[in-house]
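# all I have is the shape, not the residue letters:
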Ligand SMILES: [Zn+2]
């Protein structure tokens, strides 16, 4: 093996063209730095679901965007994720419905009866067995609005807030609580009036 490696090195050296020009440092794509090209080279060409890009174009607050990015990437600290990280909890089940069902992203935001009732506020009926990120196209088509992504993110945030209030503050899960969270959280002021008008129409 060592002999073969030496042969390969010899070949590489003999193939190398040596010029008299002065050496210069430059990026593999050219002279000027480009953060997007550097990112592509360092991160490879991983395929992302198209809905990941929808997040960054919404008028939502940065904390809501980051939260939903974690949802789509299945990185949100649900009890399922905590179990996968070997964190001990007395129960890994969903607290919103009381069923013996593990709290996964799919259950908490889509399949739980509590989540389904929250989506009803936006006149959306979540089908069985759908999951992120594939469900995003269904939700977009169901909402039929330029604000579809803001509504999806804020409703998911409202469900997450109800879940956290139950676990950390002992509040009984309530769809009205989610509804008030949804209406209280604002998109950026430039869009808030149009967003409110649209919400008024659908709910
Ligand atoms: Zn549940």
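Received it, and whenever you're ready, just let me know what you need. The shown structure was predicted, so the numbers you read here are calculated from the model rather than taken from an experiment.
# let's see the pLDDT reported for the residue nearest the centre of the chain.
Residue closest to the average C-alpha location in the chain (Cα atoms, centre = their mean): residue 69, at 2.0 Å. What the model reports as pLDDT for residue 69 is 95.
# what do you get for residue 43?
pLDDT, residue 43: 71.
# that one: neighbour count?
Neighbour count for residue 43, taken as other Cβ atoms under 10 Å: 8. Where you see a C-beta, it was placed from the backbone N, CA and C, and this is true even at glycine.
# residue numbering should commence at 599 henceforth.
Happy to do that; since the first residue is 599 now, the last one works out to residue 641.
# against the ion, how distant is it?
With the distance defined as Cβ to the ion, to the nearest Å, residue 641 ends up 35 Å from the ion.
# residue 668 versus that residue, what's the distance?
18 Å (Cβ to Cβ, to the nearest Å).
# and residue 778, by the same measure?
23 Å.
# these two - which one has more neighbours?
Using other Cβ under 10 Å, the more surrounded residue of residue 778 and residue 668 is residue 668, with 16 against 13.
# tell me which residues of the helix or strand harbouring that one are tucked away?
Per DSSP states H and E: residue 668 is located in helix 660-670. Using 16 or more other Cβ atoms under 10 Å as the test for burial, helix 660-670 gives 662, 663, 665, 666, 668, 669, 670.
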